[in-house]
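**Student:** Give me a 3D structure for the following:
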Amino acid sequence: MLSWININLDAVKHNIGVIRKSLEPETKIIAVVKANAYGHGLVEVARAAWLGGAEMLAVRDVDEAVSLRIAKIKAPILVMGYVQHSDYHRLVENNLQVSLFNKEDIAELAQVANEAHTPIRIHVKVDTGLNRLGIATNELADFVSAINKEHYLTVEAIYSHFADCSNYEYSIEQIKNMQGALFSLQQTGAVELPQVHMARSEAIAKYSGSIFDMVRPGLAIYGLGDTFEGLVPVLSWKTKIIQIKKVPAGNYVGYGLTYKTDRITTVGVLPIGYADGYPRSLSNKGYALLDGKRIKVIGNISMCMAMVDVTGTGAKLGDDVTLIGSDMGDMISADEVSGWAGTTPYEIVSRISPNIYRHYYENKVEELEV
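**Tutor:** Predicted coordinates for the structure are as follows:
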């Protein structure tokens, strides 16, 4: 095995416990495991999150949700993305909750529920300022009223999503927009207010006004970001050196001739590239760990390979190299990698190829090297 991912499932449970400590006892946690659990592995992480105390799981689409049902995971599951009409029957067959934000979808969803004589539970998405999916705040009351006219459709929750939690003023405005929409719904007197959720990981820590009945942590579950003290990274990524060579001073390394050696340089070749999810933007910028020492990525990262400067390290053919994770006292986090790459930790972990082997294990947090 030339490259592999280690996933500590106990760290998932630990991180949910950390989040739980910041909440009131009655507040429920929706663990966001969409996009293959941010690249960590859908089924295994979802099961760990459920066993760790999350009351619900949130996935990207019906296919992910059905994968969890096939794996015998009985937790309540919310499909957050758009569901095609042809997939509505799978919501019923697999007891799934669905996000709804188009008036045009209500009648079709109701028809499927009526024919199955089975209720479908709906989370109505409200656009409070992200301007992506969601109905307008001033349309919420009419939208909910239209759903409630259908016998087998039930509004389980109202929810929204932040645009930028680092922007205080804009985030507060979004919270006010949500509160206004909920107040308008209450004024109709037509229904009892359903559950409400809005806060993601950063918002849980920063904006108490966004914590309603439920919260939707994603990044914090995986031990990423600095929103909560005591989080432990769930994922580490390792590879091996497959060739070592001496390159004289004044020679180029890699495609595009972007790196020129200024001394005799020992180059280690790694069997990892952007096809595996290791960003090309780390070319000449990133670092990895070898025996606890930082080694620099040199030259352009190619589709299936990358080069590192191992001069003076005593590197040997077949040595392990850590791309993300801890090694002999030092650590490279996905957050740090995302900084070098000019992106977010979400992208770094979620784009790691699913073809790379993932080793799942359980190791108590107090025993981890962090």
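**Student:** quick one: Pro119 and Ala110 touch, right?
**Tutor:** No - contact criterion Cβ atoms under 8 Å: Pro119 and Ala110 do not qualify, at 10.6 Å. All C-beta spots, glycine's among them, are computed from the backbone N, C-alpha and C.
**Student:** Okay, helices next: where are they in the stretch 1-150 of the chain?
**Tutor:** According to DSSP state H, counting those that start in this stretch, the stretch 1-150 of the chain carries its helices in the segments 9-21, 34-38, 42-51, 62-70, 88-93, 106-116, 140-148.
**Student:** right, and those - which one's nearest Ser171?
**Tutor:** Of all those, helix 9-21 sits nearest to Ser171, with 18.7 Å by Cβ to Cβ.
**Student:** Quick check: buried residues in that closest one?
**Tutor:** Buried residues in helix 9-21, counted by 16 or more other Cβ atoms under 10 Å: Leu9, Asp10, Ala11, Val12, Lys13, His14, Asn15, Ile16, Val18, Ile19, Arg20.
**Student:** Over to stretch 162-174?
**Tutor:** Phe162, Cys165, Ser171, Gln174.
**Student:** returning to what we had before: out of the helices of the stretch 1-150 of the chain, nearest to Val126?
**Tutor:** Shortest distance between Val126 and those, using Cβ to Cβ, is found for helix 140-148: 5.7 Å.
**Student:** any idea how far the closest one is from the chain center?
**Tutor:** Distance of helix 140-148 from its chain centroid, counting by Cα atoms, centre = their mean, to the nearest Å, is 31 Å.
**Student:** go on, stretch 122-134?
**Tutor:** Centroid separation between stretch 122-134 and its chain, computed with Cα atoms, centre = their mean, is 19 Å.
**Student:** send the alpha carbons of it over as PDB?
**Tutor:** Output of stretch 122-134 as PDB, limited to C-alpha atoms (Å, rounded to 0.1, in the frame of the first residue of the first chain):
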ATOM      1  CA  ILE A 122     -40.000  17.800   5.400                       C
ATOM      2  CA  HIS A 123     -37.400  20.400   6.500                       C
ATOM      3  CA  VAL A 124     -38.300  23.700   4.800                       C
ATOM      4  CA  LYS A 125     -35.100  25.600   3.800                       C
ATOM      5  CA  VAL A 126     -35.300  29.400   4.100                       C
ATOM      6  CA  ASP A 127     -32.800  31.700   2.400                       C
ATOM      7  CA  THR A 128     -31.800  34.200   4.900                       C
ATOM      8  CA  GLY A 129     -28.900  35.700   2.900                       C
ATOM      9  CA  LEU A 130     -26.800  33.000   1.400                       C
ATOM     10  CA  ASN A 131     -28.800  33.400  -1.900                       C
ATOM     11  CA  ARG A 132     -28.400  29.800  -2.800                       C
ATOM     12  CA  LEU A 133     -31.100  27.200  -2.100                       C
ATOM     13  CA  GLY A 134     -34.100  28.200   0.000                       C
END
